[in-house]
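S.K.: What shape does this take:
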Amino acid sequence: MRFYLDEHLSPRIAEIARGLGLDVVTAIELGRRRLSDQAQLELAAQDDRCLVTVDRDFIGLTVRFLESQQPHNGVLIVPTSLPSDHFTAIAQALKRYAETHADTPMTYVIDYLTS
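M.R.: Sure thing, here's the model as predicted:
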């Protein structure tokens, strides 16, 4: 499973996650700041990556992608119970998610990370 962190999540999470063996990039590292949510989701799908975010606007956007059959590789939402400045905890949650969902197709999936 490959992950794409949107601009609301620190590149530090990606660094820690890569140290755990995950394939993670960020919008910030790729110079994709200030793009629309739709553009972020499109780019994640083009890169065959699941988008990770704190932004619940991606729920409605996922529905629109499904309705129009646009490519989509899943959205993982970081819940408020897992603060976005808890970098290691988020990286570890991504690792657990990847391990437990390795064989799960993520097309049009919306899910929440757990701590």
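S.K.: For the longest helix along the chain, give me every contacting residue.
M.R.: Secondary structure assigned by DSSP state H gives helix 87-100 as the longest helix of the chain. With CB atoms under 8 Å, 6 or more residues apart in numbering as the test, helix 87-100 has contacts from 1, 3, 9-10, 12-14, 16-17, 19-22, 24, 52, 76, 78, 82, 84, 111, 113-115. (Glycine included, C-beta is placed from N, CA and C.)
S.K.: show me where this structure has helices.
M.R.: Ranges of helices within the chain are 11-19, 37-46, 57-67, 87-100, based on DSSP H.
S.K.: Dump the ones you listed to a markdown table, plus distance to residue 28, mean neighbour count and mean pLDDT.
M.R.: Shown next, in a markdown table, are the helices of the chain (distance: least, CB to CB, whole Å; neighbours: other CB atoms under 10 Å; pLDDT from 0 to 100):
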| stretch | distance to residue 28 | mean neighbour count | mean pLDDT |
| --- | --- | --- | --- |
| helix 11-19 | 5 | 18 | 98 |
| helix 37-46 | 11 | 18 | 95 |
| helix 57-67 | 17 | 14 | 93 |
| helix 87-100 | 13 | 18 | 97 |
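S.K.: Just send these back as JSON lines, with distance to residue 30 too.
M.R.: Listed next are the helices of the chain as JSON lines, based on distance: least, CB to CB, whole Å:
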{"stretch": "helix 11-19", "distance to residue 30": "10"}
{"stretch": "helix 37-46", "distance to residue 30": "8"}
{"stretch": "helix 57-67", "distance to residue 30": "18"}
{"stretch": "helix 87-100", "distance to residue 30": "17"}
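S.K.: relative orientation of the longest helix of the chain and helix 11-19 in degrees?
M.R.: Orientation note: helix 87-100 sits at an angle of 40 degrees relative to helix 11-19 (axes from the mean of the first three to the mean of the last three CA atoms, to 10 degrees).
S.K.: CA atoms only for helix 87-100, dumped as PDB, please.
M.R.: The C-alpha trace of helix 87-100 is given here as PDB (Å, rounded to 0.1, in the frame of the first residue of the first chain):
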ATOM      1  CA  PHE A  87       3.900  12.200  14.100                       C
ATOM      2  CA  THR A  88       5.100   8.800  15.400                       C
ATOM      3  CA  ALA A  89       1.600   7.700  16.400                       C
ATOM      4  CA  ILE A  90       0.200   8.500  12.900                       C
ATOM      5  CA  ALA A  91       3.200   6.800  11.200                       C
ATOM      6  CA  GLN A  92       2.600   3.700  13.400                       C
ATOM      7  CA  ALA A  93      -1.100   3.800  12.600                       C
ATOM      8  CA  LEU A  94      -0.300   3.900   8.900                       C
ATOM      9  CA  LYS A  95       2.000   0.800   9.300                       C
ATOM     10  CA  ARG A  96      -0.800  -1.100  11.200                       C
ATOM     11  CA  TYR A  97      -3.300  -0.100   8.500                       C
ATOM     12  CA  ALA A  98      -1.000  -1.200   5.700                       C
ATOM     13  CA  GLU A  99      -0.400  -4.600   7.400                       C
ATOM     14  CA  THR A 100      -4.000  -5.300   8.100                       C
END
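S.K.: No further queries at this time; thank you.
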